[in-house]
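Colleague: prediction below, plus the sequence it came from.
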Amino acid sequence: MAPSLVIYGAYGYTGELVAREAAARGLPVVLAGRDSERLARLGRALGRPWRAFPLTDPEALRAGLQDAGAVLHCAGPYVDTWRPMAEACLELRVHYLDLAGEAAVYRALAVMGLHAERAGVMLLSGAGFDVVPTDCLAAHVARRLPGAVRIAIAIDALGRLSRGTARTVMAHAGDADARELNPHQPAARRFDLGSGRLEAVQVPWPERVAVPRSTGIQDVAVYLCASQARRLLLRAVPAVAPLLALPGARALAVRLLSGGAAGPDAEARARGRSRVYAEAVDAAGARAASRLALPEGYAFTAHAAVEIAARALAGYAPPGWHTPASAYGPDLVTALPGVTLEDLPLARPASP
């Protein structure tokens with residue numbers, strides 16, 4: 001029997017999108033999670049087997065991963081769930097993939113990288129919109145400008161969040177990682193992502209950890225293009241984080257961020273678009289910049305995560321801790337449906 005792809009958290013909003021895409025591509029999927037009733041319903045709909053087991057029971061977790069070639073972990077907040085799954089994968093020599101957007105998860109998996117390399121296991125965080133397009137585009141501009149010392153990334157994609165994403169944002173709003181910006185680059189900038197210059201604010205997103213792994217460049221800043229109201233909200237999150245401990249405050253914040261819905265509906269996913277910009281700058285001031293146009297973020301995540309999982313199942317899974325671009329190169333993103341790349345002309349400083 002061919003090794004299976006275990007999708008844990010398959011009945012969540014993003015997990016179900018991933019599971020349906022994997023089933024449509026004919027991958028040997030096993031649906032997994034804690035809730036047997038929801039798994040049974042999804043299993044009937046997709047014609048795929050399922051296994052119910054909690055992450056808190058090591059014996060059940062190991063049994064649930066038997067015959068797996070790879071796990072696609074879709075159950076967040078990942079900072080609370082990654083460790084038991086990743087440790088079980090290492091023990092059983094199963095490749096581990098997740099959709100984490102928390103920098104702390106990337107740092108923790110990096111510590112396990114040598115162990116994973118010796119075990120022949122790939123540990124890869126960020127197999128979805130976090131961080132496939134940004135990581136790959138950063139690696140692309142670094143490739144265009146050998147000797148680059150600084151990278152800036154801008155993202156224009158903040159539509160409606162799923163409830164799961166909103167819970168992750170609120171669960172760790174006050175964490176140190178959520179407050180960590182790059183002091184060597186501006187707190188706010190303007191970027192042209194293809195339709196004129198947009199205001200953007202620096203955010204402490206996991207590219208700060210992923211891109212140095214992919215490019216070797218340590219000076220990385222990530223910016224989110226957003227309305228003035230959202231920029232003010234992002235800046236205020238660390239200050240108001242203590243208030244989230246008040247009864248009902250966190251649940252209210254989740255409802256406000258997600259609009260009360262599980263996530264964008266099929267029409268919104270089909271209609272939505274995302275854009276990413278990255279620039280690399282060398283010590284002399286030369287600049288290489290490129291832009292990506294992509295599908296809506298959750299739709300993109302389903303395609304990207306399943307493509308990476310398919311490659312891992314096929315044996316293309318370099319061992320150790322990896323990001324999407326370090327494992328599969330900058331061109332991974334342009335192999336995905338609905339993605340277009342535009343390289344802007346190289347800019348070099350004028351001669352004195």
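Modeller: All right, it came through fine. Numbers count the residues shown, from 1 in each chain.
Colleague: can you name the residues in contact with the helix or strand where residue 150 lies?
Modeller: Counting by DSSP states H and E, the element that carries residue 150 is strand 148-156. Applying CB atoms under 8 Å, 6 or more residues apart in numbering, the contact partners of strand 148-156 are 134, 137-138, 141-142, 184-185, 189, 191, 193, 198, 200, 207, 211, 215, 217, 219-225, 274-283, 288. From N, CA and C alone the C-beta is placed, and that goes for glycine too.
Colleague: could you list which of these belong to strands?
Modeller: 189, 191, 198, 200, 219-225, 274-282, 288 (DSSP state E).
Colleague: would you map the strands across this structure?
Modeller: Ranges of strands in the chain, per DSSP E, are 4-8, 29-33, 50-52, 68-73, 95-98, 122-124, 148-156, 188-192, 197-203, 219-225, 273-282, 287-295, 320-322, 340-343.
Colleague: by mean pLDDT, show me the worst of those.
Modeller: For these, mean pLDDT drops lowest on strand 197-203, to a mean of 89.
Colleague: list the buried ones in that one?
Modeller: Applying a neighbour-count criterion of 16 or more other CB atoms under 10 Å, one finds 198, 200, 201, 202, 203 buried in strand 197-203.
Colleague: so that strand versus strand 188-192, what angle?
Modeller: Here the directions of strand 197-203 and strand 188-192 differ by 140 degrees (axes from the mean of the first three to the mean of the last three CA atoms, to 10 degrees).
Colleague: who are the packing partners of strand 197-203?
Modeller: Applying 3 or more CB pairs under 8 Å, 6 or more residues apart in numbering; DSSP states H and E, we find strand 197-203 packed against strand 148-156, strand 188-192, strand 219-225, helix 228-240.
Colleague: again, 10 Å this time
Modeller: strand 148-156, strand 188-192, strand 219-225, helix 228-240, strand 273-282 (3 or more CB pairs under 10 Å, 6 or more residues apart in numbering; DSSP states H and E).
Colleague: and of the ones you listed, who's closest to residue 127?
Modeller: strand 273-282 (16.1 Å; CB to CB).
Colleague: what lines up beside that closest one in the sheet?
Modeller: strand 148-156 (antiparallel), strand 287-295 (antiparallel) (DSSP bridges).
Colleague: which of those sits closest to residue 44?
Modeller: Closest approach to residue 44 among the strands paired with strand 273-282 is made by strand 287-295 (28.2 Å; CB to CB).
Colleague: mind jotting down where the helices sit in the stretch 251-352 of the chain?
Modeller: With helices called from DSSP state H, counting those that start in this stretch, the stretch 251-352 of the chain shows them at 266-271, 297-313, 324-328.
Colleague: may I have the second one as CSV, with CA atoms only?
Modeller: The C-alpha trace of helix 297-313 is given here as CSV (Å, rounded to 0.1, in the frame of the first residue of the first chain):
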residue,chain,number,x,y,z
GLY,A,297,-5.5,33.5,0.1
TYR,A,298,-7.5,30.5,1.2
ALA,A,299,-7.9,29.2,-2.3
PHE,A,300,-4.2,29.6,-2.8
THR,A,301,-3.4,27.8,0.4
ALA,A,302,-5.3,24.7,-0.8
HIS,A,303,-3.4,24.5,-4.0
ALA,A,304,0.0,25.2,-2.5
ALA,A,305,-0.3,22.9,0.5
VAL,A,306,-1.5,20.0,-1.7
GLU,A,307,1.3,20.6,-4.2
ILE,A,308,3.9,20.4,-1.5
ALA,A,309,2.3,17.4,0.1
ALA,A,310,2.2,15.6,-3.3
ARG,A,311,5.9,16.3,-3.8
ALA,A,312,6.7,15.0,-0.3
LEU,A,313,4.7,11.8,-0.9
